[in-house]
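Novice: The following block contains a protein sequence and its predicted model.
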Amino acid sequence: MSQHPSRRRVLGSALALGTAPLWPDLAHAASAAPRRLIAGTRSLEVNKRAATLFGLTDEAGQPGIVLAPTERFRVELVNQTRNHTIIHWHGQMPPWTQDGFPWPETPPLTPGGTRNYDYAPIPGTFWMHSHQGMQEQSLMTAPLIVHSAADSRADHQEVVLMLHDFSFRTPDALLAKLAGITPGAAHAMGRSTESVPAPSLPPRQPADGSSMGMSGMSGMSGMSGMSGMGGMSGMGAMDINDIAYDAFLANDRTLADPAVVRVGRSARVRLRVINGSSSSQFWLDLGGLTGTIIAVDGHAVRPISARTIPLAIAQRVDILLTLPASGAFPILARLEASRQRTGIILATAGAAIPRIDAVGLDQTPPIDNSLEARLTALTQLAPRPPDQTQQIVMQGSMKPYVWTLNGETWPNITPLMLKTGQRIVLDLHNRSMMAHPMHLHGHAFQVIALNQTPIHGAVRDTVLVPAMGHVRIAFDANNPGRWAFHCHNLYHMMTGMMTEFRYQGVAV
Ligand SMILES: [Cu+2]
């Protein structure tokens, strides 16, 4: 490793994307004016080539939102793009009409349009992204950090690390190549997520006190593309990293010119890591440092030590690090099943900054739930029997490129009906050769079993269901409305892998 050329920018701590300023806007908590969040376009240089991308910034041009303890999420979203857009506050639990999903009741913002939001946020590491078409792939994403009162008493420096996968090609072109269709057809397919289930579809009735059974699986034997399963052996048949990205970004930069975040000597650092990728999953590599995981998806876990940490699409992890007295400390995100990587460098003043190649020597394995099995929520779901148990079967194939939940593709789905107050258990069965990071809007769930082994796992909003794996989650139906449940691999969602949880009594 050699010294990097001097043109490297060392970012000031308060201004860098990588660091959250300490309580910059306490005045906001009491002020009358909402924060303005601008959905706009920006240009970014990636590996010395310019790209025009979306962005979500505050009035000072900083990405995303950092809320002070007890501050409400009072935001005026301004659409300064030439496209329709709608922004989802991933992991938050607002009223459903503020969730940022293109339901008919909450249509996307027109170009030039504004919309106001006002709800009590939950503290932790969250993020925001467009739920319109495939804008997320074009970096219509940003951190959403909500500080707690305990955060303000802690003696650590905060560093936000946001990961992206990046291509110079349009999302339409990426989907077209994946699906073997024209970019025009891919664009139309992308528009399908702006459709919603037809009201005439008969809703699935809630099952009180009993399992729904496996009725949704009846069509699976006829699914095309599953014929190869019989011959599946080991990891060779697994399907990962279908898109050849041009770069992987850590706070908008590559390892060729990484963000260098200045840290104090022997600093205590709270890393808030967000996987904002559309289709890529990583192993975080703390470079020999041992970190303490204190939260996942914004929800506190019993602290555990780790040096490498799997991070599925849309997941977050909060890690406490105690740094040695001085030096440079790369925090790498290594793409799963690959040698590619990205990252940032924490460095004390005057430390030599190592040069790190964007391609490493060793190939990583696919990410898995080995860490998930060790996680325990600090605040567990209260023990009680489920009021309904839903079986959700994930299937799909590369040819044709279609991904389904219980044999259905969005928007031709049967809403899963909930009643307020119910305890819901979801049995997530992955019958495909790709892993699916499944995300439920508007609720936090607890992971209660992995491959039939019961655990008192983490509370989170996105869980990895590995290829051919099973994950059981539980949540309380305490946020009436219409809620999307989908795979957070953007291209799986675009080609069908989404359904709706709908509370009884919500008029549609
Ligand atoms: Cu998926």
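Specialist: On my side now, so go ahead.
Novice: Contact residues of this structure facing the ion?
Specialist: Within the chain, the positions adjacent to the ion are His436, Cys487, Asn489, His492 by Cβ under 5 Å from the ion. (Glycine included, C-beta is placed from N, CA and C.)
Novice: In strands, which of these fall?
Specialist: His436, Cys487 (DSSP state E).
Novice: what would the residues of the chain next to the ion look like in TSV with neighbour count?
Specialist: Formatted as TSV, the entries for the residues of the chain next to the ion read as follows, by neighbours: other Cβ atoms under 10 Å:
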residue	neighbour count
His436	28
Cys487	28
Asn489	26
His492	28
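Novice: buried ones in stretch 56-69?
Specialist: Going by neighbour count (16 or more other Cβ atoms under 10 Å), the buried part of stretch 56-69 is Leu56, Thr57, Asp58, Gln62, Pro63, Gly64, Ile65, Val66, Leu67, Ala68, Pro69.
Novice: I figured the second one hits Val78, correct?
Specialist: No - with the criterion set as Cβ atoms under 8 Å, Thr57 and Val78 do not qualify as a contacting pair; they are 10.3 Å apart.
Novice: Closest residue of the stretch 51-200 of the chain to the ion?
Specialist: As assessed by Cβ to the ion, the ion sits closest to Leu178 within the stretch 51-200 of the chain, at 12.2 Å.
Novice: Looks like that residue contacts Pro400 (just checking).
Specialist: No - in terms of Cβ under 8 Å, Leu178 does not count as a neighbour of Pro400; the distance is 10.8 Å.
Novice: quick one, which of those two is more surrounded?
Specialist: Neighbour tally, Leu178 and Pro400, criterion other Cβ atoms under 10 Å: the higher count belongs to Leu178, 18 against 12.
Novice: circling back to that earlier point, mind listing residues that contact the one helix or strand the residue of the stretch 51-200 of the chain closest to the ion maps to?
Specialist: Leu178 is part of helix 171-179, with elements assigned from DSSP states H and E. The set of residues external to helix 171-179 that reach it, using Cβ atoms under 8 Å, 6 or more residues apart in numbering, is 133-135, 137-138, 167, 181-187, 189-190, 242-243, 278, 398, 400-401, 490-491, 494-495.
Novice: try it again with 10 Å
Specialist: 133-138, 165, 167, 169-170, 181-190, 242-245, 278-279, 398-402, 490-492, 494-495 (Cβ atoms under 10 Å, 6 or more residues apart in numbering).
Novice: Quick one: low-confidence residue ranges for the stretch 101-250 of the chain.
Specialist: Of all residues in the stretch 101-250 of the chain, those with pLDDT under 70 make up the ranges 192-237.
Novice: What segments of it are strands?
Specialist: In chain order, the stretch 101-250 of the chain shows strands spanning 114-119, 124-130, 141-146, 157-166, 210-211, 247-250, with DSSP state E, counting those that start in this stretch as the criterion.
Novice: about what we covered before: in strands, which of the buried residues of stretch 56-69 fall?
Specialist: Reading strands off the buried residues of stretch 56-69 with DSSP E, I get Leu56, Thr57, Ile65, Val66, Leu67.
Novice: Next one: the third one, what pLDDT does it get?
Specialist: When you say that, I think you mean Ile65. In this model, Ile65 is scored at 97, pLDDT.
Novice: what residues are up against the closest residue to it other than its chain neighbours?
Specialist: When the adjacent residues along the chain are set aside, Ile65 lies closest to Leu144, with 5.3 Å between them (Cβ to Cβ, 6 or more residues apart in numbering). Taking Cβ under 10 Å, 6+ apart as the definition of contact, the neighbours of Leu144 are 37, 56, 64-67, 73, 75, 87, 89-92, 121, 124-129, 274, 298, 316.
Novice: backbone phi and psi for the nearest residue to Leu375 once chain neighbours are set aside, please?
Specialist: The shortest distance from Leu375 to any non-neighbouring residue, by Cβ to Cβ, 6+ apart, is to Ala458 (4.0 Å). Backbone geometry at Ala458, expressed as degrees, to the nearest 10, gives phi -70, psi 150.
Novice: between Thr57 and Val78, what contacts are shared?
Specialist: Common neighbours of Thr57 and Val78 are listed as Arg36, Leu37, Ile38, Ala39, Gly40 (criterion: Cβ under 10 Å, 6+ apart).
Novice: Pairing partners for the closest residue to Leu440 other than its chain neighbours in the sheet, please.
Specialist: Counting by Cβ to Cβ, 6+ apart, Leu440 lies nearest to Phe485, which is 5.0 Å off, once chain neighbours are set aside. According to DSSP bridges, the residues that bridge with Phe485 are Leu440, Thr499.
Novice: The ion versus Phe485, what's the distance?
Specialist: Plainly put, Phe485 is 12 Å away from the ion if you go by Cβ to the ion, to the nearest Å.
Novice: Glu408 is in contact with that residue, correct?
Specialist: No - with contacts defined as Cβ atoms under 10 Å, Phe485 does not count as touching Glu408, sitting 11.8 Å away.
Novice: what's the overlap in contacts for these two?
Specialist: Any residue near both Phe485 and Glu408 by Cβ under 10 Å, 6+ apart counts here, and that gives Met497, Met498, Thr499.
Novice: could you list every residue that touches the last one?
Specialist: To tie it back to what came earlier, the one meant is Thr499. 197, 204, 216, 390, 392, 404-406, 408-411, 413-416, 483-486 are the contacts of Thr499 under Cβ under 10 Å, 6+ apart.
Novice: circling back: could I get the residues of the chain next to the ion as a markdown table with pLDDT?
Specialist: Rendered in a markdown table, the data for the residues of the chain next to the ion read as follows (pLDDT from 0 to 100):
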| residue | pLDDT |
| --- | --- |
| His436 | 98 |
| Cys487 | 98 |
| Asn489 | 98 |
| His492 | 97 |
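Novice: Can you lay out the residues of the chain next to the ion as a markdown table showing distance to Val506?
Specialist: Formatted as a markdown table, the entries for the residues of the chain next to the ion read as follows, by distance: Cβ to Cβ, whole Å:
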| residue | distance to Val506 |
| --- | --- |
| His436 | 26 |
| Cys487 | 24 |
| Asn489 | 28 |
| His492 | 26 |
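Novice: What is the nearest of the residues of the chain next to the ion to Asp362?
Specialist: Comparing the residues of the chain next to the ion against Asp362 with Cβ to Cβ places Asn489 closest, at 24.6 Å.
Novice: nearest residue to the closest one other than its sequence neighbours?
Specialist: That would be Ser279: by Cβ to Cβ, 6+ apart, it lies 5.3 Å from Asn489.
Novice: can I assume that neighbour sits in a helix?
Specialist: No - note on Ser279: no helix contains this position according to DSSP: H, G, I helix; E, B strand; the rest coil, which reports coil.
Novice: right, and it touches His488 too?
Specialist: Yes - shown here, Ser279 and His488 form a contact pair, counting by Cβ under 10 Å, at 9.2 Å.
Novice: ok, the two, which is more surrounded?
Specialist: A direct count of neighbours by other Cβ under 10 Å for Ser279 and His488 places His488 higher, at 27 against 21.
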